[in-house]
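Enquirer: Let's see this in three dimensions:
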Amino acid sequence: MQPRKIHTIVLIITLTGLLWLLTMEVRPMNAQAVIDPENPDMDTLIDAVAWSPDGGLLALGSGVYPGEGIEDYRVRVVNMATQQVIFTLPLIDRVQLIWSPSGEDLYIASVEDGIQRYRVATGVLQGALAGRDASLWYDMTVSLSPDGSRIAAIFKLTGGNTEFTIYDAQSFQAIVSVDLPFTTQDKNWPTWVGYSPDGSRLATTGWDGMVRLWDVNTLSQVAALSNSPGIWLETGDWSADGRLAVWGDDYYITVWNISIQQITNRIYLGISYFYSLRWHPDGRQIATGKGAVWDSVSGQQVEASIPDASSLPSSIDWSPSGVLAVGQSVEGRLTLPPNDNPLGILASLVTVPPLPTPTPTITPTSTATATPTATRTPTISPTPSRTPTRTPTATPTRTPTPAPFPVTGVLDNFNRANGPLGSNWSTTSSTRYAIASNRLDIGIGGSNLWKPTAFGTNQEAYYTLTAIDGGSTEIDLLLKAQSNTTYSSGVIEVWYTPAANKVQVWTYVASQGWVLRGTDITGVTFAAGDRFGARARANGMVEVYKNGTLLGSRDVTAWPYYANGGYIGMWFINSNNSLVDDFGGGNVP
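Expert: Just a heads-up that it's a prediction; the model follows:
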């Protein structure tokens, strides 16, 4: 292609994007009411809402505001198919509701009662953590780890003591705890805490305008990012791909790329107060407390606020399919057809579709013409693994005659003392991966990249599976990662599922989400002692190997980094009975 043609295409793309931004209009809200047939005369404030992981149930909690004459003290769970309340818990003054990844249990973070875990189907208390002295003014914020094994809690006390603790989510035994030097005089109390999607770190916002990152095993601070110095930050939320959005009293949503610790956008909302924001499942839109929705790329508002929403701060949460629940204060009764029965409104529901892609995608032409991969914006489910639902695509495949596999040496034989994996790896937490008897013992797992070397445009990676957890969700190899610390900058993933006896090739980049490349490679069974390997070539072909035998290849030329080099690594999910040895890889001729 001649340079002039390239410039013409760039100009067309740029103008197309600008036209899309200029013509985009704010979508009107189309809210529906969730009702509570148990309490037709309820006057209350719904200040916590939380969808179950499958989107079938909606938990709602009402607080206590004596000065407003609003007193209800109830947590309810509504079956959305029948609109019936299936769980009611009275006399709880709570501030947060969190579902377990399985959807069986509901955690209730309460000002007076600490944290309680209930089995929703039976209403039986499963465990509890004591609260603090209610005679002191204090607040709390909590976050459940993506795999549901730990819960982080911050208790803020008026005596100048701030307790930051990680508990076992089942037994509520403290695992690690620190007292933070945050006081009202310093105005730097933490206001929100949240686990990253891969569980590798915690983030907090504070009254001092700082975003802080914390080690999940030691609660030592690993970074302090200056967001709005001197301006209170009130809340935050992680996107599925590891970006962080925060909001504060400067009235901006600030979006951080945490992998490079840089701000990527600031969105001015105007004078508005709320205490919650949430990323849409599409990883692009952000909802704020009153139900308004904003495009994190253009900074434009794309959904108006919920009509007649209370002036008091509201609570929000997205379902996996993109339905926004907005808790509201309701005073008096609302008559609804067909029988004109007075029914108390608990929350408004708004279905918010993903935004259209603002610019066209140009698919590179390979030597053999490949049909461009058609993808849909992924639907994100709150599960302990990566949350985007990956959309299969039909992509032509070619099977070249491969060179012998592998042709590179072992990078890590794991022959060292038991303990953490070491600084050569992006994940050093011993709860995720650890050395045990000269092998790699899989714990919580997650993405893990070999940090020292970025390999070239033709590269391979492999390891030996010395024990295989048959219930593993994922046993993966990573290739051509565009960062040595996170997958979110772009990666190729070769995914083995033991229970399904199949291998798949996936790619990720923020603009496309997770995309399955080609069809499944079926009938694949690895046993203890087998070597799992993969090779990614500069022409966009990804080859999958078992003990040096080619199982199949898939074309990833529709992924923008297919001709790049990058880092290699591994990813395990729900595979804590697996063991690995002799991780290797490198450049391929």
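Enquirer: Relative to residue 323, how far out is the closest residue to residue 104 other than its chain neighbours?
Expert: Of all residues not flanking residue 104 in the chain, residue 119 sits nearest, at 6.2 Å (CB to CB, 6 or more residues apart in numbering). Using the backbone N, CA and C atoms, a C-beta is placed for each residue, glycine as well. If you measure residue 119 against residue 323 using CB to CB, to the nearest Å, the figure is 25 Å.
Enquirer: start to end distance for stretch 236-254?
Expert: End-to-end distance of stretch 236-254 (CA to CA, to the nearest Å): 9 Å.
Enquirer: For it, buried residues please.
Expert: Residues 236-248, 250, 252-254 are the ones in stretch 236-254 that count as buried (16 or more other CB atoms under 10 Å).
Enquirer: Out of the residues you listed, which sit inside strands?
Expert: 236, 237, 238, 243, 244, 245, 246, 247, 248, 252, 253, 254 (DSSP state E).
Enquirer: Farthest pair within those?
Expert: Using CB to CB, those span at most 17.9 Å, a distance reached by 238 and 252.
Enquirer: returning to that earlier point: kindly indicate which of the ones in strands among the buried residues of stretch 236-254 lies nearest residue 527.
Expert: The closest of these, once distances to residue 527 are taken by CB to CB, is residue 238, at 37.5 Å.
Enquirer: Please read off the pLDDT at the closest one from the model.
Expert: pLDDT recorded at residue 238 is 96.
Enquirer: tell me the mean pLDDT over stretch 297-314?
Expert: Stretch 297-314 comes out at a mean pLDDT of 67.
Enquirer: count of residues packed around residue 211?
Expert: Using other CB atoms under 10 Å, residue 211 is surrounded by 25 other residues.
Enquirer: Just give the closest residue to residue 483, not the sequence neighbours.
Expert: That would be residue 489: by CB to CB, 6+ apart, it lies 4.0 Å from residue 483.
Enquirer: err, residue 128, not the other one
Expert: residue 116 (4.6 Å).
Enquirer: just residue 125 next, same as before
Expert: residue 118 (5.8 Å).
Enquirer: Quick one: residues contacting that neighbour.
Expert: Contacts of residue 118 were listed using CB atoms under 8 Å, 6 or more residues apart in numbering, and they are 87, 89, 105, 106, 108, 124, 125, 126.
Enquirer: Which helix or strand contains the fifth one?
Expert: Spelled out, it's residue 108. strand 105-110 (DSSP states H and E).
Enquirer: next helix or strand past that strand?
Expert: strand 114-119.
Enquirer: tell me how far that following strand is from the chain's mean position?
Expert: 23 Å (CA atoms, centre = their mean, to the nearest Å).
Enquirer: quick one: it to strand 105-110, angle?
Expert: On the basis of axes from the mean of the first three to the mean of the last three CA atoms, to 10 degrees, strand 114-119 is oriented at 160 degrees to strand 105-110.
Enquirer: Is the residue nearest to residue 125 bridged to anything, and to what?
Expert: On the basis of DSSP bridges, residue 118 is bridged to residue 106, residue 125.
Enquirer: how far away is it from residue 50?
Expert: To residue 50, residue 118 is 13 Å away according to CB to CB.
Enquirer: Quickly list what's touching both of the two.
Expert: Residues touching both residue 118 and residue 50 (CB under 8 Å, 6+ apart): residue 106.
Enquirer: Now do the contacts for the residue nearest to residue 436 when sequence neighbours are not counted.
Expert: Excluding its sequence neighbours, the residue lying closest to residue 436 (CB to CB, 6+ apart) is residue 418, at 5.5 Å. By CB under 8 Å, 6+ apart, residue 418 lies in contact with 434, 435, 436, 437.
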